[in-house]
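1. fold the following.
(one chain, ligands or ions: 1)
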Amino acid sequence: MNLSPRRTVVITGASSGIGAASARHLAAAGFDLVLGARRLDRLAEVAEPIGARYHELDVCDNASVDAFCAFVGSCDVLINNAGGALGLDRVEATDEDGWRWMFEANVLGMVRMVKGLLPALRASTDAHIVTMGSVAGVEAYAGGAGYNVAKHGAHAVNDVLRLELLSELIRVTEIAPGAVRTEFSLVRFDGDVEKSEKPYAGITPLTADDVAEVVTFAVTRPANVNLDYIAMKPRQQATAKVFHREL
Ligand code: NJP
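-> Numbering: from 1, shown residues only. Just a heads-up that it's a prediction; the model follows:
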């Protein structure tokens, strides 16, 4: 049993965007943090100012996940945030490698982390698994198939975990944002700045801090409360692709 009064949160994909913002918010809320991502320099920039421990992590690689989980030690809250989208192609133009990466990162990456940290979570008196899903995990859109498949998959795994871990009282929460201004779009469009700006044209998107506040709220509820699924979007977004743009 981990009897430390300070709870430890592990965040994957903490080198930028929502993961980095969540690290800052949760550190301010009094949690101990262990952060993982592939870009160590960026991870250090997030971790060092807030006194977080950090270690290189590629959730697509079993050996990397094993090494990271060995480094973690105790864990009360696992935040599966690592992931993202690649491309916006019609099904007929499917890039299979892109689909494979999305499935690896968003679905199997989460599964590997859960498998790796379940022993530590089981040793906690109040364990919680939070996963960053997406509006794309419950809604399809043209050009979204590869990402839709991945985030629908992550959504399903979350629902399964909530059932399988029920008798162990491990909380399972999915947070599903709409448009958030992070590096997400730049990654999706392979560094093409012009294309990556288009989803934000004429709207005020969510910020990573907006989502981090919700992450913090979810993991600071009393132990008897589980927030199963939280959808959040900018005021100007109604569905995955329907926006009120002021152009
Ligand atoms: O994007 P970004 P977000 N192993 O690109 C890491 C979901 N979401 O913060 O490894 C380990 O700034 C990567 O780190 P690095 C989205 O699907 C977003 O928006 O150093 N880490 C970076 O820290 C994702 O699940 C929006 O490159 C890996 C982080 O992931 C989550 O929100 C909308 C990794 C990505 O940060 C955070 O994304 C939505 C790997 N193999 C859902 N691959 C949105 N922004 O609009 C990537 O519905 N990372």
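
2. quick one, what contacts R53?
-> By C-beta atoms under 8 Å, 6 or more residues apart in numbering, the contact set of R53 is D32, L33, V34, L35, A47, F71. For the C-beta atoms, the positions are set from N, CA and C on the backbone; glycine is no exception.

3. quick one: which of those is nearest the ligand?
-> The ligand lies nearest to L35 out of those, by C-beta to the nearest ligand atom, at 9.1 Å.

4. residues in contact with the closest residue to the closest one other than its chain neighbours?
-> In space, and not counting its chain neighbours, L35 is closest to A14: 3.7 Å by C-beta to C-beta, 6 or more residues apart in numbering. A14 makes contact with A20, S22, A23, L35, G36, A37, L43, V46, A47, A52, Y54, N81 under the criterion C-beta under 8 Å, 6+ apart.

5. go back to the residues you listed and keep what's next to the ligand.
-> Residues of the contacts of A14 in contact with the ligand (C-beta under 6 Å from any ligand atom): A37, N81.

6. nearest to the ligand among the contacts of A14?
-> Using C-beta to the nearest ligand atom, those come closest to the ligand at A37, 3.5 Å.

7. how far off centre is the longest helix seen in the chain?
-> Of all segments of type helix in the chain, defined using DSSP state H, the longest is helix 145-164. Mean-position distance between helix 145-164 and its chain equals 13 Å (C-alpha atoms, centre = their mean, to the nearest Å).

8. what does stretch 197-213 give?
-> Worked out by C-alpha atoms, centre = their mean, stretch 197-213 lies 16 Å from the chain centre.

9. from here on, call the first residue 58.
-> Happy to do that; since the first residue is 58 now, the last one works out to stretch 254-270.

10. returning to that earlier point: the contacts of R110 in helices, which ones?
-> Among the contacts of R110, the members found in helices (DSSP H) are A104, F128.

11. who wins for most neighbours among the contacts of R110?
-> In terms of neighbours by other C-beta atoms under 10 Å, the contacts of R110 top out with L92 at 28 neighbours.

12. need the contact list for that one.
-> 67-68, 71-72, 76, 80, 100, 103-104, 109-112.

13. go ahead and build a ChimeraX selection from the buried members of the residues you listed.
-> Filtering the contacts of L92 down to the buried ones (16 or more other C-beta atoms under 10 Å) takes a single ChimeraX command:
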select :67,68,71,72,76,80,100,103,104,109,111,112
